[in-house]
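Chemist: Sequence and computational prediction follow.
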Amino acid sequence: MKTFNYHSPKDVKTASKLSSTSSIFLAGGMTSIPSMKLGLATYKDVIDIKNIKKLSGIKVSGNSVTIGATTKHAEVASSKEIQKKIPSLSKLAGGIGDAQVRNRGTVGGSIANNDPSACYPSACMALNAIIHTNNRKIEAKNFFKDMFETVLKKGELIEAVEFKIPEKSNYQKHPNPASRYAIVGIYLAKHKKEVNVAVTGAKSVVYIDKDLSKALSSSFFSSAIEGMELDSSEMNSDIHASADYRASLVVTYAKKAVEAC
Amino acid sequence: MTKVTIEVNGKKVSKDVPDHTILSVFLRDSLNLTGTHVGCDTSQCGACVVHVDGKSIKSCSTLTVDINGLKVTTIEGLVKDGKMHPMQEAFKKMHGLQCGFCTPGMVMSAIDLLQNKKNPSDTEIRKWLEGNICRCTGYQNIVAAVKEAASKM
């Protein structure tokens, strides 16, 4: 691994000031460290944000659950409060990677990285999340730009993610058998006025499937989407799953999610 | 370079390390604790699992500077008064290993499981050990060893 300078600031302002075009914020490091080791990424400065106390923790209010950026997957998975308010979110966190990855990996890191097969971005989309940064509040639907790309600017740091508590929700994924990333993942959320079917793993970036969401908004039964054929032209195709197979998995797992609600 | 002070297996260690030093390298090359193995080196196989402040993590994907001030336990730190840890005893008794390469990581990971859940089912053990890969045993005796240890701990 190439050398870099490690910084461990105690507050967001200092962290933001340290950042440049050749720096990275380090949270759990579950993607960034292997990427640096493999030579896929090099940085002059690595800015560890784990010692900034206010970035960690879980807050529950009447209609939302707010999770600090450096809160670990294991903490979200075992949080009694989240299990009560949004059980599907705990389930999602408990299914990321493996136990050791969940002991290090964080929600902020996951969404800032915006891997097309990451689980958390689908939760953000389905649960109408608001991403709180040190500069602004960003709606999830405007946050994820494209593969590994978000609207975050230089020096902008995610502080917390605010998830809206739905009436019902469920997360289903077809995991890669070796790494457990989502070959296809479906986060289904039924809110008072709408149903969101967020899809990860299928395309270059997480998205809301409008056809499935519309069908389930008028009738919240799996029969409403039975046999639906989705356009696979923009879907990913690799040795694990062809585009057509992914399109079929989206419908299958959306049905499973409805039935599990 | 950063000066780190880390408690490793109960002993405080202070050393100057280059900022990009990976924890597994620090343990093996600087402290000669070669019980922590490096298999895939990309956090898939789990041979490098150690405990940091009591929780299992993959040392091949952790910066040494990142755990400055914390406590690390490696496989070498499990023996107490010359006696093996119950998890080590159980792996020996139930023949939970063949070549032994993955074993340090398996043992460290399994101990963390029992800290979270006292009497896990076969399914829970297999799910927890998803991040530890063994190419010899077919996992049967590893699961049996974890159950055996659970009955003793």
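Modeler: That came in fine, so what should we check first?

Chemist: lowest-pLDDT helix or strand in chain A?
Modeler: Every helix and strand in chain A was compared by mean pLDDT, DSSP states H and E; the lowest is helix A:32-37, with a mean of 95.

Chemist: which other helices and strands contact it?
Modeler: Judged by 3 or more C-beta pairs under 8 Å, 6 or more residues apart in numbering or on different chains; DSSP states H and E, the packing partners of helix A:32-37 are strand A:23-26. Placement of C-beta: from N, CA and C, glycine included.

Chemist: distance between the strand it packs on and the chain's centre?
Modeler: Put simply, strand A:23-26 sits 18 Å off its chain's centre (C-alpha atoms, centre = their mean, to the nearest Å).

Chemist: residues near the residue in chain B that chain A sits nearest to, how many?
Modeler: Relative to chain A, the nearest point of chain B is residue B:131 (2.7 Å; C-beta to the nearest C-beta). As a burial measure, residue B:131 scores 23 neighbours (other C-beta atoms under 10 Å in any protein chain shown).

Chemist: per-residue pLDDT, it?
Modeler: Listed pLDDT for residue B:131 reads 95.

Chemist: residues touching it, list them.
Modeler: A:97, A:98, A:99, A:100, A:101, B:43, B:44, B:46, B:49, B:58, B:109 (C-beta atoms under 8 Å, 6 or more residues apart in numbering or on different chains).

Chemist: Which ones among those residues lie within helices?
Modeler: A:99, A:100, A:101, B:109 (DSSP state H).

Chemist: What residues does the stretch 1-150 of chain A have near chain B?
Modeler: A:1-6, A:8, A:26, A:29-30, A:33-34, A:36-38, A:46, A:48, A:50, A:74, A:97-101, A:103-104 (C-beta under 8 Å from any C-beta of the partner chain).

Chemist: Just the buried ones from these?
Modeler: With neighbours counted by 16 or more other C-beta atoms under 10 Å in any protein chain shown, the residues of the stretch 1-150 of chain A next to chain B contain buried members at A:1, A:4, A:6, A:8, A:26, A:29-30, A:33-34, A:36-37, A:46, A:48, A:50, A:74, A:97-101, A:103-104.

Chemist: what about the helices in the chain?
Modeler: Using chain A. Under the criterion DSSP H, helices of chain A are mapped to A:12-18, A:32-37, A:73-78, A:80-85, A:87-94, A:99-102, A:107-113, A:120-126, A:140-143, A:210-218, A:243-260.

Chemist: Not quite, go with chain B.
Modeler: All helices of chain B, identified by DSSP H, fall at B:23-25, B:86-93, B:103-116, B:122-128, B:140-152.

Chemist: how about the contacts of residue B:131 in CSV, adding distance to residue A:256 and pLDDT?
Modeler: Listed next are the contacts of residue B:131 as CSV, based on distance: C-beta to C-beta, whole Å; pLDDT from 0 to 100:
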residue, distance to residue A:256, pLDDT
A:97, 22, 93
A:98, 23, 95
A:99, 25, 97
A:100, 28, 97
A:101, 24, 96
B:43, 29, 89
B:44, 27, 91
B:46, 29, 97
B:49, 32, 98
B:58, 31, 98
B:109, 30, 98
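
Chemist: Get me the contact residues on chain B for chain A.
Modeler: B:2, B:18-20, B:22, B:41-44, B:46, B:49, B:55-58, B:61-63, B:65-66, B:68, B:109, B:112-113, B:128, B:130-132.

Chemist: could you redo the last one with a cut-off of 6 Å?
Modeler: Residues of chain B lying close to chain A (C-beta under 6 Å from any C-beta of the partner chain) are B:19-20, B:42-43, B:49, B:55-58, B:61, B:65, B:128, B:130-131.

Chemist: Just flag the most distant two among the residues you listed.
Modeler: Using C-beta to C-beta, those span at most 32.4 Å, a distance reached by B:19 and B:128.

Chemist: For these two, indicate the residue with more neighbours.
Modeler: The neighbour comparison of residue B:19 against residue B:128 (other C-beta under 10 Å) goes to residue B:128, with 22 against 17.

Chemist: can you list the weak-confidence ranges in chain B?
Modeler: Applying pLDDT under 70 to chain B picks out no residues at all.

Chemist: Run a quick check on residue A:28 versus residue A:105, I expect a contact.
Modeler: Yes: if you go by C-beta atoms under 6 Å, residue A:28 and residue A:105 touch, sitting 4.1 Å apart.
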